[in-house]
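K.L.:
Sequence first, predicted coordinates after that:
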Amino acid sequence: MVLTEKDYRLIAAIQDGLPLVNHPYAEVGAQLGMSEDEVIHRLDQMLKEGIINRFGVVVRHRELGYRANAMVVWDVPDERLEEIGALLGSQPQVTLCYQRARHLPQWPYNLYCMVHGRRREAVRGTVRRLVNDLGLEEIPHQLLFSKRRFKQRGGHYR
Amino acid sequence: MSMELSGINQYPASASFLREREGENVLSLLEKRLLDEFQHHFPLTSSPFAEIAKRLGVCEREVLETLKSLQERGYISRIGPVFRPRRVGVSTLAAMAVPRNRLERVARYINAYDEVNHNYEREHHYNLWFVVTACHRQRLQQVVEEIESHTGLPVMMLPLEKAFHIDLGFPLWS
């Protein structure tokens, strides 16, 4: 699916969320000169094509008590990246799992995952169990706990 | 560029217990269900809130007012799409090592970019972590270069290469 100019305008109009009104898609459409049906159809297409990953409520976990949030970075040998990425990515305790470019020499890490919990000790325990259960003792890793959130919202693409 | 500054949220350690209790106990069953059960498959129909109301056995107005209240109290960031990385525009994770006494000022400067959507302090030598999103690579590069020249500090760009697990929501009580 190739996104059209109209799709980009729709994305820009809803990137900060739907208006909380009886007919939100009609209201978004009215701003853009699109019908309600067209808005719904385009969003449905983007979901089916996987451009939109999910559509719904985006919660703020810190406010909901999940205050301990660790980004765990791993320095995985290139030849084991697929295997370990798939393994970590399939664990229910892991909410995101991404391969990113290394930044040598200062930053050798190439695999990132997020682990959330109510307390830091619990998050550390979760990561220790992942290391033991998945046999990752040889893979160097670090936990980077978040301290302050300066900004959190959806991406603005234009 | 939007000059609107996002609020800086800092929770002092002494308040953490209260906050935790707040997240646990102050929410009604309706609030919990709205937070937990509609992170995916939000209805794409003319009256989505009426549909949700029907499923939960309450009226549409109650759903709308409860969602507004959850949003005002900061529990909901938004109701809408989460895009798959690299399918719309370009983005990168970026990290900086900022001297402690400059951290807040640098964070505010970075927040002012409309292209920046996440920005966190993390406990590490690299203490500022943010995501830059733009419509094309040149603009992304330009934002990063501006941040470097304005702050005099290098920005480490860590672009995504492959997603093994993408954002599928955050199970709360289910």
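P.N.:
Received it, and whenever you're ready, just let me know what you need.
K.L.:
can you list the weak-confidence ranges in chain A?
P.N.:
A:157-158 (pLDDT under 70).
K.L.:
go on, chain B?
P.N.:
For chain B, the ranges with pLDDT under 70 are B:1-25, B:167-168, B:171, B:173-174.
K.L.:
What's the local residue count around B:R78?
P.N.:
Per other C-beta atoms under 10 Å in any protein chain shown, the neighbour tally for B:R78 reads 20. Bear in mind the C-beta positions are built from the backbone N, C-alpha and C, glycine included.
K.L.:
Name the nearest residue to it, sequence neighbours excluded.
P.N.:
Leaving aside its chain neighbours, B:R78 sits nearest to A:G17 (2.9 Å; criterion: C-beta to C-beta, 6 or more residues apart in numbering or on different chains).
K.L.:
for the chain, which helix is longest?
P.N.:
I'll assume chain A. As assigned by DSSP state H, the longest helix anywhere in chain A is helix A:120-134.
K.L.:
let's do chain B instead
P.N.:
From DSSP H, the single longest helix across chain B is helix B:137-151.
K.L.:
Now do that helix: which elements does it pack against?
P.N.:
strand B:90-96, helix B:103-111, strand B:128-134 (3 or more C-beta pairs under 8 Å, 6 or more residues apart in numbering or on different chains; DSSP states H and E).
K.L.:
one more time with 6 Å
P.N.:
strand B:128-134 (3 or more C-beta pairs under 6 Å, 6 or more residues apart in numbering or on different chains; DSSP states H and E).
K.L.:
From B:F49, how far out is B:R61?
P.N.:
9 Å (C-beta to C-beta, to the nearest Å).
K.L.:
Quick check on the two: which one has the bigger neighbour count.
P.N.:
Under the criterion of other C-beta under 10 Å, the comparison of B:R61 against B:F49 puts B:F49 first, with 25 against 12.
K.L.:
And that one, which helix or strand is it part of?
P.N.:
Here B:F49, judged by DSSP states H and E, is contained in helix B:48-56.
K.L.:
Ramachandran coordinates for the residue of chain B most remote from its centre?
P.N.:
Distance to the chain centre peaks in chain B at B:G57, reaching 30.1 Å (criterion: C-alpha atoms, centre = their mean). Per-residue torsions, B:G57: phi 70, psi 30 (degrees, to the nearest 10).
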